[in-house]
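A.B. asks: have a look at this prediction, sequence included:
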Amino acid sequence: MNSVDSPLAILGEIHTCLLPSRNVLDMPASIELLSAVQPGSTVTSRERPIPLVISPNRVEGVDCNLIPLSGKHIHAIGTVASRTVVVGGRILQGSSQTRVTRARESSRQLWSHYLSRPGTVEAVSKLGVASPGRLADGHLQSRADDQLDLTSISQRMSTFIRVDPRLDQKMPFRAGATRLRWAVEVAPDVNQLPHFAFRLVDKKLRSVRLTMAEPDVAAAQRFCEDLALHDWLLTTISQVAERVGPSDRETDMLLDQLVPMLDQLVPLWMPGAHTSPRLRQLWAELETDPGFTRQWTARVGQLRDRMTTETLKALRHSKIISHDW
């Protein structure tokens, strides 16, 4: 690949939420659901170690600015490639990404040119001092209205599936949505080992900045989807643990929420299960700091203890009523 076609950076965003279905979808139902994203195209699926279904990509044209951390705005034209992911028949993700390259020509091309390069935007204005690192940082930190808007694109992908009539729109428990915005700085050294920085921006938004060699770039989106999934799982169960206090409402209502949540979410915790072998070392870093699995185990234990306590209360209450009768 020549230097013009080589990506300077890869920019992406992932919207993660609960699939609006009372029941967990089996593999055939998940495949049928995601086949609607691009009818006639192949849906990718994997049964083990946990069920994973990935739709084919949909391409959307963009004509906007890229905003490096410092320097002038860079005008870019091209396409964003987006897909939906269903994990365990329960979790839904809308995932969008695009590769930033230098334009071959300084003038605007026909749209047929950009459509022939799906998932790529070309910087048609001079890059100047905008290094790959600054492009990555600008995507993660800028909030300008005229910048590349992967938030809307990824959310549209998940909404497209969420409103599908095959879903009953009934939730077994309450759960919010999270967004993970990610960027890859492509290192010039092909022997560069991947490394990253993960940050909680606010209650819903997270950011991941990766540096890696070009041969590893193709695996970045799948790593980020896996990270977004496990961050969503940890966020969801932590929020429930905070809501479930000693003064919570009636026991039956509490158990109705906890039982399906623990039954359906706990089996999905498998960090790195669907990550490329070359990027699994990144999970080792996450397990060290901030200690994803340690936090998960503690929260799950907290909720199971509470569920046991409430179950014992319910049994004691039923015995008292039975004795009085």
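C.D. replies: Sure thing, it's come through.

A.B. asks: helix, strand, or coil at residue 37?
C.D. replies: Per DSSP: H, G, I helix; E, B strand; the rest coil, the local secondary structure of residue 37 is coil.

A.B. asks: ok, now which ones touch the spatially closest residue to it that is not a sequence neighbour?
C.D. replies: Of all residues not flanking residue 37 in the chain, residue 55 sits nearest, at 3.8 Å (C-beta to C-beta, 6 or more residues apart in numbering). The C-beta positions use only the backbone N, C-alpha and C, and glycine is treated the same way. By C-beta atoms under 8 Å, 6 or more residues apart in numbering, the contact set of residue 55 is 34, 35, 37, 38, 43, 44, 83, 84, 85.

A.B. asks: which of these are buried?
C.D. replies: Those of the contacts of residue 55 that meet the buried threshold are 34, 35, 37, 43, 83, 84, 85, by 16 or more other C-beta atoms under 10 Å.

A.B. asks: so which of the residues you listed is the closest to residue 282?
C.D. replies: residue 85 (18.7 Å; C-beta to C-beta).

A.B. asks: got the CA positions of the strand or helix carrying that closest one in PDB?
C.D. replies: Residue 85 is part of strand 74-87, with elements assigned from DSSP states H and E. Only the C-alpha atoms of strand 74-87 are listed here, as PDB (Å, rounded to 0.1, in the frame of the first residue of the first chain):
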ATOM      1  CA  ILE A  74      -9.100  19.800   8.100                       C
ATOM      2  CA  HIS A  75     -11.800  19.400   5.600                       C
ATOM      3  CA  ALA A  76     -12.500  15.700   4.800                       C
ATOM      4  CA  ILE A  77     -14.800  13.900   2.400                       C
ATOM      5  CA  GLY A  78     -15.600  10.200   2.300                       C
ATOM      6  CA  THR A  79     -17.600   7.500   4.000                       C
ATOM      7  CA  VAL A  80     -18.100   6.000   7.400                       C
ATOM      8  CA  ALA A  81     -18.600   2.200   7.700                       C
ATOM      9  CA  SER A  82     -21.100   1.100  10.400                       C
ATOM     10  CA  ARG A  83     -22.400  -2.200  11.700                       C
ATOM     11  CA  THR A  84     -24.500  -3.600  14.500                       C
ATOM     12  CA  VAL A  85     -23.400  -6.200  16.900                       C
ATOM     13  CA  VAL A  86     -25.500  -8.500  19.200                       C
ATOM     14  CA  VAL A  87     -23.700 -10.300  22.000                       C
END
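
A.B. asks: strands paired with it, and their directions?
C.D. replies: strand 52-54 (antiparallel), strand 58-66 (antiparallel), strand 91-102 (antiparallel), strand 120-123 (antiparallel) (DSSP bridges).

A.B. asks: export these to JSON lines and tack on mean pLDDT, distance to residue 134 and mean neighbour count?
C.D. replies: Formatted as JSON lines, these follow (pLDDT from 0 to 100; distance: least, C-beta to C-beta, whole Å; neighbours: other C-beta atoms under 10 Å):
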{"stretch": "strand 52-54", "mean pLDDT": "96", "distance to residue 134": "31", "mean neighbour count": "24"}
{"stretch": "strand 58-66", "mean pLDDT": "91", "distance to residue 134": "10", "mean neighbour count": "17"}
{"stretch": "strand 91-102", "mean pLDDT": "95", "distance to residue 134": "11", "mean neighbour count": "25"}
{"stretch": "strand 120-123", "mean pLDDT": "92", "distance to residue 134": "12", "mean neighbour count": "22"}
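
A.B. asks: so which of those strands is nearest residue 293?
C.D. replies: Residue 293 lies closest, by C-beta to C-beta, to one member of those: strand 91-102, at 17.7 Å.

A.B. asks: and the helix or strand following that closest one, what does it pack against?
C.D. replies: Using DSSP H and E, the helix or strand that follows strand 91-102 in sequence is helix 111-115. Judged by 3 or more C-beta pairs under 8 Å, 6 or more residues apart in numbering; DSSP states H and E, the packing partners of helix 111-115 are strand 58-66, strand 74-87.

A.B. asks: as CSV, the ones you listed with distance to residue 108 would be great.
C.D. replies: Putting the helices and strands packed on helix 111-115 into CSV (distance: least, C-beta to C-beta, whole Å) gives the following:
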stretch, distance to residue 108
strand 58-66, 9
strand 74-87, 6
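
A.B. asks: to residue 279, which of these lies closest?
C.D. replies: strand 74-87 (16.7 Å).
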